[in-house]
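> here is my input; please provide its structure:
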Amino acid sequence: MLTLLDDMGITTIPSKSKTRQRYGNYKCDCGGTEVFATSLVKNGYRVQCAKCDTQMYIDVLGENYSALKKTWYHIKDRCHNKDSKNYPKYGGKGIFMCQEWRDDFKVFEKWAIANGYTEEPKVQFDKDFKAWALDKTAEYSPTGTIIILAGKNAELKRRLM
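The predicted structure is shown next:
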């Protein structure tokens, strides 16, 4: 849990964001302190410091987790964990991760690499474009997902929505 120590006001912190927003210096339950945009804390996107986040991923995913394994975990969590903050936007709307991927990270990883996954440049797993084209419920699966550059994904969704 984060506790606000100091409201830094509306400012720009280049290492955090290019836009002006309200920041605060927060103290974590572990005793560590870190600067976050206050909106991230208020909306529940930041609930602990980066050190505690890292430890949580190690506890859940193992010592040598990758960015891809972290992505897999988050997709699975928002689609199938009713306690997840994002479940109402995904699992609660019928969006799911196929059983094959859900049960075995290695199967997901093999598909991702074969379909163009890279860590740089940053890519996203999108389940909407194929669903829109086929007029069906979006799903994270080999037949329902594409890998797309993060910036291109946002640009196309703005155009389509």
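> from here on, contacts and neighbour counts on C-alpha atoms
Will do.
> who are the packing partners of whichever strand in the chain runs longest?
Secondary structure of the chain per DSSP state E: the longest strand is strand 2-11. Identification of packing neighbours for strand 2-11 by 3 or more C-alpha pairs under 8 Å, 6 or more residues apart in numbering; DSSP states H and E yields strand 21-28.
> who touches the helix or strand where Arg158 lies?
In the assignment (DSSP states H and E), Arg158 maps to helix 150-160. Outside helix 150-160, the residues that touch it by C-alpha atoms under 8 Å, 6 or more residues apart in numbering are 122-124, 126.
> restricted to strands, list those.
Applying DSSP E to the contacts of helix 150-160, the entries found in strands are 123-124, 126.
> between those residues, which sits nearest Tyr73?
Gln124 (13.8 Å; C-alpha to C-alpha).
> now the element after the longest helix seen in the chain, going C-ward?
Taking DSSP state H as the criterion, the chain has its longest helix at helix 67-80. Next helix or strand after helix 67-80 toward the C-terminus (DSSP H and E): strand 96-97.
> could you say what helices and strands that next one packs with?
helix 67-80, strand 139-140.
> neighbouring contacts of that strand?
The contact list for strand 96-97, computed with C-alpha under 8 Å, 6+ apart, reads 75-76, 79-80, 90, 138-141.
> lowest-confidence entry in those?
Within the contacts of strand 96-97, Ala138 has the lowest pLDDT, namely 86.
> list the contacts of it.
Counting by C-alpha under 8 Å, 6+ apart, Ala138 makes contact with 95-96, 127-128, 130-132, 144.
> which of these sit farthest apart?
Longest distance between any two of those is 15.6 Å, between Phe96 and Trp132; criterion C-alpha to C-alpha.
> of the two, who's got more company?
Phe96 (22 against 12; other C-alpha atoms under 10 Å).
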